[in-house]
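[1] Provide a 3D model corresponding to the input given below.
(one chain, ligands or ions: 1)
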Amino acid sequence: MNYESMVLAMFHRLGWGVYRIGSKQEYTICPPYDNYYTYSPWFEDWFQKIYSKLTGHTLLEEHRCYVIYEFCRHCSHLEGDFAECGVYKGGSAFLISDTLVSNHVNDKQVHLFDTFTGMPEMTKQDPASNAVWEGRFGDTSLNSVKEYLQSFPFVVFHPGLIPETFEPVRDGKFAFVHIDIDLYQTHKDCCNFFYERLTKGGIMVFDDYGRDFFKASAKKAVDEFFDDKPEVPIALHTGQCIVIKI
Ligand SMILES: C[S@@+](CC[C@H](N)C(=O)[O-])C[C@H]1O[C@@H](n2cnc3c(N)ncnc32)[C@H](O)[C@@H]1O
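    Below you'll find the model as predicted:
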């Protein structure tokens with residue numbers, strides 16, 4: 001074991017959340033497994049360069065962005081548009097759009113759904129927590145996100161409340177959908193709408209599935225929806241889960 005690995009293992013044993021030292025850490029410790037280092041391309045320079053474009057516009061760390069990036073590339077060969085539910089300041093929407101451009105994909109639209117004024121009213125299925133409350137994420141606006149995404153003419157904005165705002169794409173087909181909307185009922189609404197419009201092989205990424213404070217909302221809604229479907233929600237180490245349409 002080299003010096004850097006020893007320091008990392010020590011930090012890990014102490015319970016410190018430090019898994020990267022230096023600018024290039026191709027392999028990082030994979031908790032809770034000591035001495036188990038896995039390939040971590042999200043810390044490589046090429047991905048850090050992409051991630052830096054989202055600075056100040058996203059809540060997602062680079063490992064979750066890497067998952068979105070690679071599934072966007074994968075799905076860009078499928079029939080159908082891309083969509084995101086839960087845009088906030090536009091960071092992950094920028095990543096999705098930028099990935100299409102850098103991979104020379106020019107036959108798709110990216111549909112964005114959000115109030116752009118903050119979280120709507122909670123329901124009793126959304127446990128009170130310090131992670132989410134009505135009005136949270138209100139420090140954004142449709143105009144500021146439009147300005148940030150202005151270099152992507154194929155982006156279509158659908159401001160307002162999900163699921164009402166799905167109406168204009170009722171006849172659409174989708175290859176990739178990113179869902180980052182925190183709430184139980186909104187997860188249900190997204191599953192109900194996009195599942196049947198997802199192309200065979202198309203992918204839904206649920207950002208909140210594995211976060212402990214979304215266990216009774218996001219995870220419950222996704223598990224309930226897929227309970228009678230052939231597809232299985234696959235939990236990732238990042239806290240996301242993916243569903244691949246059969
Ligand atoms: C966690 S933020 C999204 C973060 C974003 N993906 C990023 O890159 O940082 C969640 C967003 O979901 C939106 N949202 C939640 N429920 C909604 C609903 N029913 N209709 C519209 N927007 C909703 C909120 O307005 C908020 O902007």
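
[2] do I have it right that residue 63 meets residue 240?
    No. At 9.3 Å, residue 63 and residue 240 do not qualify as touching, with contact defined as Cβ atoms under 8 Å. All C-beta spots, glycine's among them, are computed from the backbone N, C-alpha and C.

[3] those two: who's more crowded?
    For residue 63 versus residue 240, the count of surrounding residues by other Cβ atoms under 10 Å is larger for residue 240: 24 against 20.

[4] packing partners of the helix or strand harbouring residue 37?
    Assigning secondary structure by DSSP states H and E places residue 37 in strand 33-39. Under the contact definition 3 or more Cβ pairs under 8 Å, 6 or more residues apart in numbering; DSSP states H and E, strand 33-39 sits against helix 3-13, strand 27-30.

[5] which one is residue 56 nearest to, not counting chain neighbours?
    residue 89 (7.3 Å; Cβ to Cβ, 6 or more residues apart in numbering).

[6] list the buried residues in the lengthiest helix in the chain.
    Selection of the longest helix in the chain by residue count, based on DSSP state H, yields helix 62-75. Buried residues in helix 62-75, defined by neighbour count with 16 or more other Cβ atoms under 10 Å: 62-69, 71-72, 75.

[7] which ones are touching the residue nearest the centre of the chain?
    When Cα atoms, centre = their mean is applied to the chain, the residue found nearest the centroid is residue 207 (4.4 Å). For residue 207, the contacting residues are 60, 64, 86, 178-180, 239-240, by Cβ atoms under 8 Å, 6 or more residues apart in numbering.

[8] can you put those in JSON lines and add pLDDT, distance to the ligand and secondary structure?
    What follows is these, written out as JSON lines (pLDDT from 0 to 100; distance: Cβ to the nearest ligand atom, whole Å; DSSP: H, G, I helix; E, B strand; the rest coil):
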{"residue": "60", "pLDDT": "98", "distance to the ligand": "5", "secondary structure": "coil"}
{"residue": "64", "pLDDT": "98", "distance to the ligand": "9", "secondary structure": "helix"}
{"residue": "86", "pLDDT": "98", "distance to the ligand": "3", "secondary structure": "coil"}
{"residue": "178", "pLDDT": "98", "distance to the ligand": "7", "secondary structure": "strand"}
{"residue": "179", "pLDDT": "98", "distance to the ligand": "9", "secondary structure": "strand"}
{"residue": "180", "pLDDT": "98", "distance to the ligand": "4", "secondary structure": "coil"}
{"residue": "239", "pLDDT": "97", "distance to the ligand": "12", "secondary structure": "coil"}
{"residue": "240", "pLDDT": "98", "distance to the ligand": "12", "secondary structure": "coil"}
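
[9] what does the protein have sitting close to the ligand?
    58-60, 86-88, 91-92, 114-115, 118-120, 137, 161-162, 180-183, 186 (Cβ under 6 Å from any ligand atom).

[10] now do the helices in this protein.
    3-13, 45-51, 62-75, 91-102, 142-148, 184-195, 220-226.
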